[in-house]
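Colleague: quick one, fold the following:
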Amino acid sequence: NGLKDLVILRLDNNLLTDLYNDSFKDLHSLQTLNLRNNQISVIFNNTFYFLRNLSILDLGGNKIAHLMPLAFEGLDSLKNLYLDRNRLGKIDGQLIGSLHRTLQV
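Modeller: This next block holds a predicted model:
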């Protein structure tokens, strides 16, 4: 509960492999989440659901090969999404559909 006002969270370069849909549930004020250069391979549905104020999500430099269709559900304020240096072959249209209102291209 002491992290409820946290605005920036840097978890880059930590060898993280898994994210769960309740991993960030109490971080309602979070605006920037850096998960760059870990070992994450899959982003499951609703992983970031509780991060309504998140504007920057950096997932670059991981091993992400698959993004579930609702992986970014709930990211109503997301402006910058970094997926560089991953193993993505294709991105489902439904996945990006929910982000088209907020993402800056």
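
Colleague: so the spatially most central residue of the chain, which of the three states?
Modeller: When C-alpha atoms, centre = their mean is applied to the chain, the residue found nearest the centroid is L57 (5.1 Å). Three-state call for L57 (DSSP: H, G, I helix; E, B strand; the rest coil): strand.

Colleague: residues contacting it?
Modeller: L57 makes contact with L33, L35, F48, F72, L75, L78, N80, L81, Y82, according to C-beta atoms under 8 Å, 6 or more residues apart in numbering. Heads up, the C-betas are built off the backbone N, CA and C, glycines and all.

Colleague: between these, which sits nearest T17?
Modeller: The nearest member of those to T17, counting by C-beta to C-beta, is L35 at 11.2 Å.

Colleague: my guess is the closest one contacts D58, does it?
Modeller: Yes: counting by C-beta atoms under 8 Å, L35 does reach D58; the two are 6.3 Å apart.

Colleague: the two: which is more packed in?
Modeller: Shown here are L35 and D58; by other C-beta atoms under 10 Å, L35 has more neighbours (23 against 20).

Colleague: between L35 and D58, which contacts overlap?
Modeller: Common neighbours of L35 and D58 (criterion: C-beta under 8 Å, 6+ apart): D12.

Colleague: and of the contacts of L57, the nearest to L95?
Modeller: F72 (6.5 Å).

Colleague: quick check: the closest one touching G97?
Modeller: No: the pair F72 / G97 is not scored as a contact, 9.8 Å apart, by C-beta under 8 Å.

Colleague: which of the two has more neighbours?
Modeller: Neighbour totals were compared for F72 and G97, and F72 leads with 25 against 11 (other C-beta under 10 Å).

Colleague: can you give me the pLDDT of that one?
Modeller: We have a pLDDT of 91 for F72.
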